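# no FASTA, just this:
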């Protein structure tokens, strides 16, 4: 049986599944809360007006592209820290964690300047109204300032989750989500004599929420008794270039893989921008919903990376392979439930974001496509997470390039503009590309885990 799932009994399966779920569900809630900040932005901007929603949609797509790509580099902390933890190299944990914070901050500053540099050329490209361009420009300016906070938070997230302490992130992220609602309301609609800023207020609110989350998590890790066992995180020692190099060498392929995947959706948003505000708004609504749903396999993949990394670090290669198989079966069950829920409630879900009948109709149709690609998307995401636990990152990046940019973006462009399928051509290509990626990653994971088992034997 694939991944030797028949090697152990049901009690062992339940034990390993319990460990994965125990680690994944607080990460899932935390990430839902973080993505929920974007949902709040989208819903409130949509209620303010379709033009503000379109501007926020375009700005959010670009912000998420940079954020997720740079976050991929920081994600290298998970397998590094979990393998160190599995090997009981306790004294190295706080050193690597501290350098991860430094790296995240520098990447955040880089990303902020990149976003500022993109404002003028993109506003020149978009054939949209002057008001949309105005909101887009100021949204981009402010939202860029969230990147340093967001990436430092992700480095702290990686440190805590790799040391099997994910629940604080959950509570802090939920607190940030609760804070985003009143903050956004004040900034978007205006109250107590303050002017209503519309979509621009969304960006300022997001910066404040990320800053609150980051400061809270830093102080928790810094002063909690549990983390004292691993040494304290400290920035006083400055940069340690050998450690930074270890993180960057492993992290760049992960970051590029993330960039390849998320840029696919960003380029689609840009390419369809001239089809009309309704298509841009519908695309953003569906991507927003998809981002929420994606947190299920993403959390499972992150948890699997930690669990597999710990097993590899402790020299249990057979167990690592089995854990990978358990994670894939959990993902298969979870994604099947997701497909059913999306198909049953697609129209009411879209109606939560907007009252525009055209946007609702287009969005409900796109959710059918979105439901179809949930299964392959979950499988490729979870398999990639397991591969990161083995510190295998370069070949997955190549697979992502071929699957997403060649079969996803290029094929989608042909279907959209040359076969007159419109936006639905891109979504048809997405289904095909994700299916290819899922097959490739499962085969690769099986071979890598089998080879390491054979080497150990």
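Cool, the structure landed. Just so we're clear, the structure is a prediction, and the values are computed from it rather than from any experiment. Numbering: from 1, shown residues only.

# how about residue 370: what's its closest non-neighbour residue?
Nearest residue to residue 370, sequence neighbours excluded (CB to CB, 6 or more residues apart in numbering): residue 290, at 5.4 Å. Just so you know, the C-beta spots here come from the backbone N, C-alpha and C atoms, and that holds for glycine as well.

# any low-confidence regions in this protein?
Within the chain, the set of residues satisfying pLDDT under 70 comprises 1, 35-53, 126-129, 184, 188-190, 192-199, 456-457.

# do that again at 50, thanks
Regions of the chain meeting the criterion pLDDT under 50 are absent.

# grab the most central residue of it for me.
Centroid check for the chain by CA atoms, centre = their mean gives residue 68 as the closest residue, at 5.7 Å.

# that one against residue 260, yeah?
No. Residue 68 is not in contact with residue 260 according to CB atoms under 8 Å; the separation is 10.5 Å.

# if I look at the residue nearest to the centre of the chain, how far off is residue 218?
The gap separating residue 68 from residue 218 is 22 Å, by CB to CB, to the nearest Å.

# do residue 411 as well
Taking CB to CB, one finds residue 411 at 44 Å from residue 218.

# what of residue 201?
26 Å.

# doesn't residue 86 make contact with residue 163?
No. With contact defined as CB under 8 Å, residue 163 does not count as touching residue 86 (11.2 Å).

# so residue 88, which of the three states?
coil (DSSP: H, G, I helix; E, B strand; the rest coil).

# nearest residue to it in space, please, no chain neighbours.
Closest to residue 88 by CB to CB, 6+ apart is residue 314, at 8.0 Å.

# report how many residues lie close to the one you found.
By the measure other CB atoms under 10 Å, the count of residues near residue 314 is 15.

# how about it, what does it touch?
86-88 (CB atoms under 8 Å, 6 or more residues apart in numbering).

# same question, residue 280
Residue 280 neighbours (CB under 8 Å, 6+ apart): 54, 57-58, 269, 272-273.

# can you count the residues close to the residue nearest to residue 370?
As a burial measure, residue 290 scores 19 neighbours (other CB under 10 Å).

# check the gap between it and residue 366 for me.
Taken as CB to CB, the span from residue 290 to residue 366 is 9 Å.

# same check on residue 117?
For residue 117, the distance to residue 366 - CB to CB - is 31 Å.

# ditto for residue 159
37 Å.

# could the contacts of residue 314 go into TSV alongside distance to residue 319?
Formatted as TSV, the contacts of residue 314 follow (distance: CB to CB, whole Å):
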residue	distance to residue 319
86	11
87	14
88	16
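
# count of neighbours near residue 117?
With other CB under 10 Å as criterion, residue 117 counts 10.

# does it belong to a helix, a strand or coil?
Per three-state DSSP, residue 117 ends up helix.

# other SSEs contacting the helix or strand containing residue 266?
Per DSSP states H and E, residue 266 falls inside helix 241-271. Identification of packing neighbours for helix 241-271 by 3 or more CB pairs under 8 Å, 6 or more residues apart in numbering; DSSP states H and E yields helix 50-75, helix 77-86, helix 90-125, helix 277-313, helix 394-400, helix 423-456.

# go with 10 Å
helix 50-75, helix 77-86, helix 90-125, helix 277-313, helix 374-389, helix 394-400, helix 411-413, helix 423-456 (3 or more CB pairs under 10 Å, 6 or more residues apart in numbering; DSSP states H and E).

# out of the ones you listed, which is the most enclosed?
Of these, the one with the most neighbours on average (mean count of other CB atoms under 10 Å) is helix 374-389, at a mean of 27.

# for the residue nearest to residue 88, give me phi and psi.
For residue 314, the backbone dihedrals (degrees, to the nearest 10) come out as phi -90, psi 0.

# separation between residue 142 and residue 56?
Counting by CB to CB, the gap from residue 142 to residue 56 is 11 Å.

# tell me, what's touching those two both at once?
Applying CB atoms under 10 Å, 6 or more residues apart in numbering, one finds that residue 142 and residue 56 are jointly contacted by 200-203.

# ok, of those, which come out buried?
Neighbour-count burial (16 or more other CB atoms under 10 Å) applied to the shared contacts of residue 142 and residue 56 gives 200-203.

# save the residues you listed as a markdown table, and put in distance to residue 210 and secondary structure too.
Below are these laid out as a markdown table (distance: CB to CB, whole Å; DSSP: H, G, I helix; E, B strand; the rest coil):
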| residue | distance to residue 210 | secondary structure |
| --- | --- | --- |
| 200 | 17 | helix |
| 201 | 15 | helix |
| 202 | 13 | helix |
| 203 | 11 | helix |
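
# that older thread, find residues that contact each of residue 163 and residue 86.
By CB under 10 Å, 6+ apart, the residues touching both residue 163 and residue 86 are residue 306.

# got a list of contacts for stretch 111-118?
With contact meaning CB under 10 Å, 6+ apart, stretch 111-118 is reached by 59, 62-63, 65-67, 69-71, 140-148, 150-151.

# if we use 6 Å, what do you get?
Residues from elsewhere that reach stretch 111-118 (CB atoms under 6 Å, 6 or more residues apart in numbering): 66, 70, 140, 144, 147.

# gap between the second one and residue 297?
Read it as residue 70. With CB to CB as the criterion, residue 70 and residue 297 are 21 Å apart.

# and if you look at the last one?
Residue 147 sits 25 Å away from residue 297 when distances are taken as CB to CB.

# and what of residue 401?
Residue 401 is 21 Å from residue 297, by CB to CB.

# which single one of the contacts of residue 314 is nearest to residue 211?
residue 86 (33.6 Å; CB to CB).

# how many other residues sit next to residue 339?
Residue 339 is flanked by 17 other residues according to other CB under 10 Å.

# which residues touch it?
Per CB under 6 Å, 6+ apart, neighbours of residue 339: 371, 374.
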